[in-house]
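*Asks:* I'll drop the sequence and a predicted model, then ask my questions.
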Amino acid sequence: MNPVIFIVSDSLGETAEFVARAAASQFNHGQFEIRRIPYVSDRTVLEQVMEEAAAVPSVIAYTLVVSGLRDDLEAMAAARGIPTVDILGPLMGVLAKATGAPPKMQAGLIHRLDEQYFNRIEAIEFAIKYDDGKDPRGLLYADVVLIGVSRTSKTPVSMYLANKRLKAANVPIVPEVEPPAELFKIPQRKIIGLTIRSQPLTHIRQERLKTLGLTSDAEYASLERINKEIQYADRLMAQLGCPVIDVTSRAVEETASKVMEIFYRETRQAT
């Protein structure tokens, strides 16, 4: 039986789950099951979690800011021999020493409506407004501009970046359509090209046509057409001198992570 990581939180539990998944990714895929138990506010829920955790090989990772709940969880887990990891406690202790002030000990503060929240909403609205080259004027105000042929994940990557508070616009590259003039007016470091191998793209486009109720033998999904588009996009990206990411077999999260790596590296070098 695969070990289960129980995520226990008095809020959403996203922080602990993110840390747990990052740690679990260093082991074989599928080796761990992760179960999140959010909004824990009393011992009754903790007792239910302990019963479930005691029945399987398990670890409990938690973000509980109320000291009474933390103490209860640690005592219950110790009595059953279940390992625990306090995600926030040690860092809060260090920060308290550094600042000379105690933490607020209030659950869910990170999700309050603050400046970061509004920046995220603004970035999402930006990504929607300037998706798929709708209004090239948006390129002048974007943090990142993604370019690539159709079905290279430009839109989902833009939305992922928006959730990280980056204003992302994207432009489809089509041989018969002149690239927007704004693309040549923005700093080179803001542009990132997305490319893909032709054979996988053929399959992706064929499947896309099927979902639209169209025949899969349309020119849009032909290998000849796709090779033409990719070659044209390669020439344009070389002309712009932008970094290029091959999205073949990459998940959206992986592509977005690479985009952010490039963006922050280029931003640091420019300052």
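*Replies:* Arrived safely.

*Asks:* any chance you could map the strands in the stretch 151-271 of the chain?
*Replies:* Ranges of strands in the stretch 151-271 of the chain, per DSSP state E, counting those that start in this stretch, are 168-172, 191-195, 244-246.

*Asks:* The last one - which strands sit beside it in the sheet, and in what orientation?
*Replies:* As defined by DSSP bridges, the strand partners of strand 244-246 come to strand 191-195 (parallel).

*Asks:* chain center to the strand it pairs with, what's the gap?
*Replies:* For strand 191-195, the distance from its own C-alpha centre to the chain's C-alpha centre is 18 Å (C-alpha atoms, centre = their mean, to the nearest Å).

*Asks:* and the angle from it to strand 168-172?
*Replies:* Interaxial angle, strand 191-195 versus strand 168-172 (axes from the mean of the first three to the mean of the last three C-alpha atoms, to 10 degrees): 50 degrees.

*Asks:* who's in contact with strand 191-195?
*Replies:* Here strand 191-195 makes contact (C-beta atoms under 8 Å, 6 or more residues apart in numbering) with 144-149, 152-154, 157, 183, 230, 233-234, 237, 240, 242-247, 255, 259, 262-263. For every residue, glycine as well, the C-beta is placed using N, CA and C.

*Asks:* Buried ones among the residues you listed?
*Replies:* 144-149, 152-154, 157, 183, 230, 233, 237, 240, 242-245, 247, 255, 259, 262-263 (16 or more other C-beta atoms under 10 Å).

*Asks:* what about residue 32, how many residues close to it?
*Replies:* For residue 32, the tally of surrounding residues (other C-beta atoms under 10 Å) stands at 19.

*Asks:* Surely it and residue 6 touch.
*Replies:* No - between residue 32 and residue 6 there is no contact under C-beta atoms under 8 Å: 10.9 Å.

*Asks:* Mean neighbour count, the strands of the stretch 151-271 of the chain: which tops it?
*Replies:* Stretch with highest mean neighbour count among the strands of the stretch 151-271 of the chain: strand 168-172 (a mean of 27; mean count of other C-beta atoms under 10 Å).

*Asks:* so what does that strand touch, helix or strand wise?
*Replies:* Secondary-structure packing of strand 168-172 (3 or more C-beta pairs under 8 Å, 6 or more residues apart in numbering; DSSP states H and E): helix 115-129, strand 144-148, helix 154-163.

*Asks:* quick one: that strand to strand 144-148, angle?
*Replies:* Using the same axes, to 10 degrees: strand 168-172 against strand 144-148 is 20 degrees.

*Asks:* what's strand 168-172 in contact with?
*Replies:* 123, 126-127, 130-133, 136, 138-139, 142-150, 154-155, 157-158, 161-162, 179-180, 183.

*Asks:* Give me the angle between that strand and helix 154-163.
*Replies:* 170 degrees.

*Asks:* With distance to residue 54 as new columns, can the helices and strands packed on strand 168-172 be given to me in a markdown table?
*Replies:* Putting these into a markdown table (distance: least, C-beta to C-beta, whole Å) gives the following:
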| stretch | distance to residue 54 |
| --- | --- |
| helix 115-129 | 38 |
| strand 144-148 | 47 |
| helix 154-163 | 36 |
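
*Asks:* Using CSV, lay out these together with mean pLDDT.
*Replies:* What follows is the helices and strands packed on strand 168-172, written out as CSV (pLDDT from 0 to 100):
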stretch, mean pLDDT
helix 115-129, 89
strand 144-148, 98
helix 154-163, 96
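
*Asks:* Deepest-packed of these, please.
*Replies:* strand 144-148 (a mean of 26).

*Asks:* Near residue 52, how many other residues are there?
*Replies:* Neighbours of residue 52 (other C-beta under 10 Å): 14.

*Asks:* give me the element the nearest residue to residue 17 once chain neighbours are set aside is part of.
*Replies:* Spatial nearest neighbour of residue 17, excluding adjacent residues (C-beta to C-beta, 6 or more residues apart in numbering): residue 7 at 4.8 Å. Element membership for residue 7 (DSSP states H and E) is strand 4-9.

*Asks:* Can you list the strands that that strand pairs with?
*Replies:* Strand 4-9 has these partner strands in its sheet, going by DSSP bridges: strand 33-37 (parallel), strand 58-63 (parallel).
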